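[1] coordinates only, sequence not included:
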């Protein structure tokens with residue numbers, strides 16, 4: 001009797017093992033297996049002994065199985081959902097889950113950024129480093145001034161600084177002794193550079209309008225409303241006034257996927273509407289995105305804005321900032337750091353150059369020159 005029971009168990013176990021295999025053979029081609037698209041890389045091909053050294057075969061085969069495991073995307077998504085919805089944790093070491101499901105970036109994807117150290121104020125600059133930043137920025141200003149061009153610097157706060165109330169308790173309170181304030185204070189007190197920090201204006205607007213979100217909940221970046229408030233601060237440098245955000249037309253559009261949501265494999269599930277401020281200027285800029293997605297151009301039709309030409313060098317935060325600054329100038333152009341080269345600036349020949357830098361990328365100011373861009 002015991003032997004029969006054991007055999008029944010073995011048959012049931014075998015059936016349970018075979019069902020997913022047989023089912024995948026039938027419906028696998030209809031399932032989502034787009035690992036390459038989700039992770040933005042080429043999937044590993046099946047290695048063969050004919051073209052692979054025997055010592056490398058186990059590693060390559062393991063990589064192949066990881067990429068081609070049946071039901072992989074569904075299993076990963078289920079695991080990520082359990083982490084996020086049940087345990088309020090993240091499936092990525094680069095993302096943490098805060099209060100009310102807010103996501104925050106704490107990773108190190110680019111160079112030596114460290115958003116958590118920015119938040120805690122544990123990565124302060126030395127006097128020598130601040131002097132290098134001041135020298136780099138002053139050299140850029142002087143170089144451009146010799147050509148009759150104006151130079152403006154703006155530094156943008158990290159999302160975790162603006163929405164620190166949603167950060168996990170384990171991170172403690174946000175530190176005001178931080179690189180953002182260090183750089184702004186040092187440049188303001190020790191140079192005659194034109195530098196704008198919209199942090200106070202962003203926080204003031206947020207406190208006065210708690211119902212209006214200025215950064216995305218599931219993304220590292222600000223939304224259009226946050227960029228608009230910052231643009232108001234920057235525009236005052238040139239004497240331009242923009243109407244208050246709550247007085248201009250606002251629309252909401254369906255969201256795409258957001259970077260932090262994608263990083264925890266929930267890009268298809270964690271979504272929010274994207275707000276846009278419209279009709280904020282009598283001379284709106286027509287913005288075109290270049291094919292590489294790293295450059296933008298803006299044109300005010302009929303030339304009704306300022307005749308000077310604007311050029312922005314920045315990071316990904318400049319993408320949403322660009323239209324709100326471009327409306328002030330008949331012609332505008334923007335290049336992100338990693339797409340910037342001096343020949344682009346030289347051929348465009350702008351009158352005004354804006355250097356934009358978000359808090360977590362402040363080290364770019366340690367390695368920047370107009371002639372060479374950001375070089376690590």
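    Nice, I can see it. Keep in mind the model is a prediction, meaning the values are calculated, not measured.

[2] show me the domain layout of this protein.
    What automatic domain parsing lists as the domains of the chain is 2-96, 117-374.

[3] show me what contacts residue 318?
    312, 334, 336, 356 (CB atoms under 8 Å, 6 or more residues apart in numbering). (C-beta placed from N, C-alpha, C; glycine too.)

[4] just say which of the domains of the chain is most tucked in.
    Of all the domains of the chain, domain 117-374 carries the top mean neighbour count, a mean of 18, counting by mean count of other CB atoms under 10 Å.

[5] what average pLDDT does that one get?
    Taken as a whole, domain 117-374 has a mean pLDDT of 96.

[6] residue 105: neighbour count?
    23 (other CB atoms under 10 Å).

[7] follow-up on the earlier one: for the contacts of residue 318, give me TSV that also has secondary structure.
    Output for these, formatted as TSV (DSSP: H, G, I helix; E, B strand; the rest coil):
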residue	secondary structure
312	strand
334	strand
336	strand
356	strand
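
[8] list just the nearest of the residues you listed to residue 210.
    Closest to residue 210 out of the contacts of residue 318 is residue 356 (26.6 Å), distances taken as CB to CB.

[9] next one: that closest one relative to residue 114, how far apart?
    Here residue 356 is placed at a distance of 20 Å from residue 114 (CB to CB, to the nearest Å).

[10] look up how far residue 320 lies from residue 143.
    Relative to residue 320, residue 143 is positioned 28 Å away (CB to CB).

[11] now residue 255: closest residue in space, sequence neighbours ignored.
    Nearest residue to residue 255 in three dimensions, chain neighbours excluded: residue 271, at 4.4 Å (CB to CB, 6 or more residues apart in numbering).

[12] verify the stated contact: the one you found with residue 262.
    No - using CB atoms under 8 Å, residue 271 is not in contact with residue 262, being 11.2 Å away.

[13] give me the element residue 271 is part of.
    In the assignment (DSSP states H and E), residue 271 maps to no helix and no strand.

[14] how close does it sit to residue 254?
    From residue 271 over to residue 254 (counting by CB to CB), the distance is 8 Å.

[15] likewise residue 319?
    To residue 254, residue 319 is 18 Å away according to CB to CB.

[16] any idea what residue 275 is bridged to?
    When bridges are called by DSSP bridges, residue 275 pairs up with residue 252.

[17] same deal with residue 150?
    Here residue 150, judged by DSSP bridges, has bridge partners residue 352.

[18] how about the helices in this protein?
    Here the chain has its helices, by DSSP state H, at 2-27, 35-39, 57-68, 72-81, 115-120, 127-145, 159-162, 179-190, 199-208, 224-235, 259-263, 318-326, 342-348.

[19] okay, how far is it across stretch 247-265, tip to tip?
    Using CA to CA, to the nearest Å, the end-to-end distance of stretch 247-265 comes to 38 Å.
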